[in-house]
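Peer 1: Following is a predicted model, sequence given first.
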4 protein chains.
Amino acid sequence: MQLGMIGLGRMGNNMAQRLMKHGHECVVHDTRAESMTELERQGAKGTTSLEEFVSMLARPRAVWLMLPAAVVDQVLAKLVPLLDTDDIVIDGGNSYYHDDIRRGGELKSHGIHYVDVGTSGGIFGLERGYCLMIGGEKAVVEHLSPVFAGLAPGKGNVPVTASRPEKTGSTADQGYLHCGPHGAGHFVKMVHNGIEYGLMAAYSEGLNILRNADIGLRPHEADAETTPLQHPEHYQYNFDLPEIAEVWRRGSVISSWLLDLTADALYEDPALASYEGHVSDSGEGRWTVMAAIDEAVPTPVLSAALQERFSSRGNAEFANKILSAMRSEFGGHAEKKPRG
Amino acid sequence: MQLGMIGLGRMGNNMAQRLMKHGHECVVHDTRAESMTELERQGAKGTTSLEEFVSMLARPRAVWLMLPAAVVDQVLAKLVPLLDTDDIVIDGGNSYYHDDIRRGGELKSHGIHYVDVGTSGGIFGLERGYCLMIGGEKAVVEHLSPVFAGLAPGKGNVPVTASRPEKTGSTADQGYLHCGPHGAGHFVKMVHNGIEYGLMAAYSEGLNILRNADIGLRPHEADAETTPLQHPEHYQYNFDLPEIAEVWRRGSVISSWLLDLTADALYEDPALASYEGHVSDSGEGRWTVMAAIDEAVPTPVLSAALQERFSSRGNAEFANKILSAMRSEFGGHAEKKPRG
Amino acid sequence: MQLGMIGLGRMGNNMAQRLMKHGHECVVHDTRAESMTELERQGAKGTTSLEEFVSMLARPRAVWLMLPAAVVDQVLAKLVPLLDTDDIVIDGGNSYYHDDIRRGGELKSHGIHYVDVGTSGGIFGLERGYCLMIGGEKAVVEHLSPVFAGLAPGKGNVPVTASRPEKTGSTADQGYLHCGPHGAGHFVKMVHNGIEYGLMAAYSEGLNILRNADIGLRPHEADAETTPLQHPEHYQYNFDLPEIAEVWRRGSVISSWLLDLTADALYEDPALASYEGHVSDSGEGRWTVMAAIDEAVPTPVLSAALQERFSSRGNAEFANKILSAMRSEFGGHAEKKPRG
Amino acid sequence: MQLGMIGLGRMGNNMAQRLMKHGHECVVHDTRAESMTELERQGAKGTTSLEEFVSMLARPRAVWLMLPAAVVDQVLAKLVPLLDTDDIVIDGGNSYYHDDIRRGGELKSHGIHYVDVGTSGGIFGLERGYCLMIGGEKAVVEHLSPVFAGLAPGKGNVPVTASRPEKTGSTADQGYLHCGPHGAGHFVKMVHNGIEYGLMAAYSEGLNILRNADIGLRPHEADAETTPLQHPEHYQYNFDLPEIAEVWRRGSVISSWLLDLTADALYEDPALASYEGHVSDSGEGRWTVMAAIDEAVPTPVLSAALQERFSSRGNAEFANKILSAMRSEFGGHAEKKPRG
């Protein structure tokens, strides 16, 4: 099947490569010709103008946008006038699902179909395949199924889910799924990322406990500002974190792909000295918590995971200063320096 | 290698079976002869008295306890007088690591070696193998390595961790690991379970958001006690949770063994109508948070996951009544009934 | 000064009374004449039509809306066409500050001034006075200062803040404050309520710990699903909660008006048997957390307090069922019934 | 009444002064004579040896310890052999209630009575009086009531709690209360401090939201690592925090003594530039959360408040580095520097 791809960053580039490996034809667009050289070598048709790009696609056209969420609307403003009735625009980036709902309506008024695709898999997706969560009209999504099947991992060697009916008519076990109408794909991807934050935080907190299990071996201050460690004999362990992450990968309840990655990172740099620990968040975690608030669904874990990231960037500083100021006011407590 | 096993509940029973399948000799003990019939059929030697049990083990004896944490000390009180110098007692249950430290010292004074083993894998361990986290003296742990190797999953088809040095001298990639001195095994297992609580909560909260994404389709009360849903058009989704869990199993960042189980449970009973949602906690999650507090390590996610379980059992009820009482006092707010 | 008041629920009614007691003239409006009888007895001029209401106000008119947030825009749609240039509309209810920003602009295009006032004090405000947080144009706010001074508590017997400069030009020490442009009043009130949720939760959780300090006196189940209480001797207390709340009111660090109310509620009904513990939230707590997320400010306490309310209404139920289902899958754990 | 006081730090010193102002006789002990000069000037009898101290007290002696929790047992080891049957030892410091239970039993075996007193009020207590939470035998506590009445604030000008029965026989409305047997005083004080952490955090988080309400006025980065601020027009406020804290002190739902102190601190140094924001915790907050865990009582707010303090001291750093390492592994995300 033929697909047009706009946005040739790492993700878009890898996805075009994967599609061509699966026999699909890719027309790609970038204003900088040099960014398309490698893709062209692999068989893609490169185009430096949007007009040329559109002209090379057979109708009904399928145009996949793999762009930063902030520029999607700008590109659509230029692209849509060049398209024809029944063409399809797919947003495979990290758009907010509110925008999908709006865009789905706007494009429909031009006779154009809109599909939102939440894409998970990161830089491993080229080899491993991408998990695709899809929102849009049923017939349109089905029309695109060859593209989705090419990008997705397929059944692979993942064990069959015992209780799953053999005939569901669904493609979930191939790694892509039509989740619902406009916005459904990015909604599910948003929650996926919210969960991701929670999983990551769980491993991180647990490993931090293991790392500090030697606290009874360290000198401990004894003053009115420091809580004494009551049983230093319980904290005399020097744990080997990479090995512990590795052993958990086999047979434990907490084995996962994120744990695989964590073990790899810990072997590479056991003290993680190359990191500062200022953790970004790229939107989906925030939107997940906001959706939960709208729904009045409690999310203590997902919220805490999000807020840890805010704290990691120093954003609790003023609140902490207020705590110190209060303690100084009522108790005359002077601040202490943190432990090394 | 010969191993004595005391405690033939589901876990102990399965472990004895797995050991015999791997060619080990098992002497088992239970006061009820009938509970050993099947194991004897598979080759185990059953004993109904502790004396007989001990007498059938070659010195230095290796005795594995697979008992509820609360009865370990009682069994030790009877067992230890029957043992000889250099015999080994292994606690493979869910003991608190404080108890391991104490017991390690007590048994040493009798010339007996103590090994604590945190065991993960649940009812799948019989086939899948058990992840073993081990604490104790180095030479003793090495002596027992055939037993650990038999219980553990082995390398299996888990991908090799890229950054892991080829020669580490460690057994982590076979699913068992000597983590440190007495208590180290159960400490690592305790944190493993703490992480498990966090992971479980992350999936649960996320799926709950998806389930309530239809809130804009439901009738909504409009009174001063109810926050109006500002954008019902954003919550019009009827998501198919089993299919979403299934699609996440392939290629996504959040794929894991717990997700595999969740997909299975959701296909079996999509509304989970067979559950009440009163979630037990069996100790390790509490101890994890207490250890974190001793270490002054922040664990917002692990704590929240633990506390959600307390709440699920109704233990927040009095606190909630106080909130209602305060609201009634200052605002004359009458309570509303919860939504169906 | 003359003020028009629309919305004669408990809050609006009380505020009109307080204003008249302070010598202000009130024109009030309600479509049901009977709801104004008592206010008219106290001197208010009642009007059943908006036209009559507007006609009885001297220009520039000052119209105070004390309405549910959901109906403000509807009333404005009818009211604004009746007003003249330089008239003032004050929204003293619980509007979302986003709406204030929008309305401020809309009314300005009609030459009408808009003022948003966050009002705290609840049913005690009639006697105690209302804490007023005000947003709008400086000159307009100053023009209304007699009204604000009448509603606010004044300096009263609250101790002077030692570090406060004697001459600030501010009215904060009289209980009302111009906080900034449109929306500033409701923004500050929103955060006030967010803090209120946190304070309430802190007292509630603490009192719940005290209430359960008798857990060592209760029978305790001993099975693999229940964590044993390791030291029942530490939990043998039957605390008298009303007396404890009362003693904290004098000299303690946690004395507050909310504690005063809590003590009162506990004396009235120590077991709080008249409450169910289903706690509503009326919007500001949600908006506070959403604003914090937009600002990337960590709010673990305020978020937790909000989510406890969601949980109190049963909204965690499906998430909890997932936890039970997972436990059943990997460990064969059957659910237990919660403690009575 | 005569009281012996050991431990003349700020708290003990102030308490002795307050007792003498109320007509009580104080025998004080310190090994450094110079630390007693001022108290002697005010009428205390200073003693530099424990023997002298004990000899100057009339039987049954009442000895009040105002010492760091860590040294109480050492002092008791020296003091108890000098005491006689029916003498009373009062621990007014911040002991863990577990220690009270143990000490109560130990001293009883010597015929000596033990009383634990949780003392709140900080450096303001000298003038304002101390809130006293008392554990011990009923008759002994009643015997000491003149001392408690002298230290406590008395009824003062705190409003009467409307629902409180006129005749309760309790002293709660005078600011001191016999809460129960050994440990009850420090248990209630422990929970008091746990609540204090929660209240402090609620104000701090809320004020931090207000402080960052200007985020829409600041330059904002636009890259894939930074969540765009969707509505900068909603965050254009420069709030005056001291004035806002001040206005909340009158008539608002969140007025409290802690807010009084916060307003004072903010007027003194609005940017709190003299603080680093490394917040100590002195034990009670930890013990509160641990007690809640033992009781299976959910405390999301109190736990979060405790953990914010841990984070403020940099203790989340390793966990945050793991998050960055994971993000680098799966997404190739490079870390960003935190905002200024």
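Peer 2: Arrived safely, thanks for sending. Remember, it's a predicted structure, so these values are computed and weren't measured experimentally.
Peer 1: residues of the longest helix along chain A that come out buried?
Peer 2: When chain A is parsed with DSSP state H, its longest helix is helix A:184-211. Within helix A:184-211, the residues that qualify as buried by neighbour count (16 or more other C-beta atoms under 10 Å in any protein chain shown) are A:184-211. No exception for glycine: its C-beta is placed from N, CA and C like everyone else's.
Peer 1: how far off helix B:184-211 does that helix point, in degrees?
Peer 2: With axes from the mean of the first three to the mean of the last three C-alpha atoms, to 10 degrees as the basis, helix A:184-211 and helix B:184-211 are set at 160 degrees to each other.
Peer 1: Does chain C have contacts with helix A:184-211?
Peer 2: No - judged by C-beta under 8 Å from any C-beta of the partner chain, helix A:184-211 stays clear of chain C, getting no closer than 11.8 Å.
Peer 1: And the longest strand that chain A contains, what does it pack against?
Peer 2: For chain A, the longest strand by residue count, based on DSSP state E, is strand A:113-120. Applying 3 or more C-beta pairs under 8 Å, 6 or more residues apart in numbering or on different chains; DSSP states H and E, one finds that strand A:113-120 contacts strand A:88-91, helix A:97-108, strand A:131-135, helix A:138-143, helix A:184-211.
Peer 1: Could you rerun that using 6 Å?
Peer 2: strand A:88-91, helix A:97-108, strand A:131-135, helix A:184-211 (3 or more C-beta pairs under 6 Å, 6 or more residues apart in numbering or on different chains; DSSP states H and E).
Peer 1: between these, which gets nearest to C:D264?
Peer 2: C:D264 lies closest to helix A:184-211 among these, at 40.1 Å (C-beta to C-beta).
Peer 1: What is the subsequent helix or strand relative to the closest one?
Peer 2: If you walk from helix A:184-211 toward the C-terminus, the next helix or strand you reach (DSSP states H and E) is helix A:241-248.
Peer 1: Now do that following helix: distance to the chain's middle.
Peer 2: Mean C-alpha position of helix A:241-248 versus that of the full chain (C-alpha atoms, centre = their mean, to the nearest Å) differs by 24 Å.
Peer 1: can that helix be found next to chain B?
Peer 2: Yes - for helix A:241-248, a contact with chain B is found by C-beta under 6 Å from any C-beta of the partner chain, at A:E243, A:I244, A:E246, A:V247.
Peer 1: ok, so of the residues you listed, who is nearest chain C?
Peer 2: A:V247 (17.8 Å; C-beta to the nearest C-beta).
Peer 1: my read: the closest one touches B:Q174, true?
Peer 2: No - using C-beta atoms under 6 Å, A:V247 is not in contact with B:Q174, being 8.5 Å away.
Peer 1: neighbour-wise, which of these two wins?
Peer 2: The neighbour comparison of A:V247 against B:Q174 (other C-beta atoms under 10 Å in any protein chain shown) goes to A:V247, with 30 against 21.
Peer 1: In three-state terms, label A:E276 for me.
Peer 2: coil (DSSP: H, G, I helix; E, B strand; the rest coil).
Peer 1: Give me the distance between it and D:K108.
Peer 2: Counting by C-beta to C-beta, to the nearest Å, the gap from A:E276 to D:K108 is 56 Å.
Peer 1: These two: which is more packed in?
Peer 2: Legend: neighbour count by other C-beta under 10 Å for A:E276 and D:K108, higher for A:E276 (17 against 13).
Peer 1: For that one, give me the pLDDT.
Peer 2: Note on A:E276: pLDDT of 93.
Peer 1: From chain C, how far out is it?
Peer 2: 17 Å (C-beta to the nearest C-beta, to the nearest Å).
Peer 1: And for A:V160?
Peer 2: A:V160 is 15 Å from chain C, by C-beta to the nearest C-beta.
Peer 1: quick one: pLDDT of that residue?
Peer 2: With respect to pLDDT, A:V160 has a value of 94.
Peer 1: same for the longest helix of chain A, what does it pack against?
Peer 2: helix A:97-108, strand A:113-120, strand A:131-135, helix A:284-295, helix A:300-312, helix B:184-211, helix B:300-312, helix D:317-331.
Peer 1: do the third one and chain D meet at all?
Peer 2: So the one you mean is strand A:131-135. No - for strand A:131-135, no contact with chain D is found by C-beta under 6 Å from any C-beta; the gap never falls below 12.3 Å.
Peer 1: And that strand, what does it pack against?
Peer 2: strand A:113-120, strand A:176-180, helix A:184-211.
Peer 1: Relative to the whole chain's centre, how far out is the longest one?
Peer 2: How far helix A:184-211 lies from its chain's middle: 10 Å, per C-alpha atoms, centre = their mean.
Peer 1: Now do that helix, average pLDDT.
Peer 2: On average, helix A:184-211 scores 98.
Peer 1: Could you tell me the angle between that helix and strand A:113-120?
Peer 2: 10 degrees.
Peer 1: by how many degrees do helix A:184-211 and helix D:317-331 diverge?
Peer 2: Using the same axes, to 10 degrees: helix A:184-211 against helix D:317-331 is 140 degrees.
Peer 1: The second one now?
Peer 2: Angle between the axes of strand A:176-180 and helix D:317-331 is 100 degrees (criterion: the same axes, to 10 degrees).
Peer 1: What lies in contact with strand A:176-180?
Peer 2: The contact list for strand A:176-180, computed with C-beta atoms under 6 Å, 6 or more residues apart in numbering or on different chains, reads A:L132, A:M133, A:I134, A:G135, A:V141, A:F148, A:A152, A:G185, A:V188, B:Y237, B:E243, B:V247.
Peer 1: ok, A:L199 - contacts?
Peer 2: A:L258, B:L199, B:A202.
Peer 1: Is the first one in a helix, a strand, or coil?
Peer 2: Each residue gets one of three states, and A:L258 gets helix by three-state DSSP.
Peer 1: Quick one: neighbours of it, just the number.
Peer 2: 22.
Peer 1: ditto for A:L241
Peer 2: For A:L241, using other C-beta under 10 Å, the count is 20.
Peer 1: low-confidence ranges in the stretch 101-250 of chain A?
Peer 2: Low-confidence regions of the stretch 101-250 of chain A, defined by pLDDT under 70, span residues A:221-225.
Peer 1: hmm, 50 instead?
Peer 2: Within the stretch 101-250 of chain A, no range satisfies pLDDT under 50.
Peer 1: Nearest to chain D: which residue in the stretch 51-200 of chain A?
Peer 2: Counting by C-beta to the nearest C-beta, the stretch 51-200 of chain A gets nearest chain D through A:G122, at 4.2 Å.
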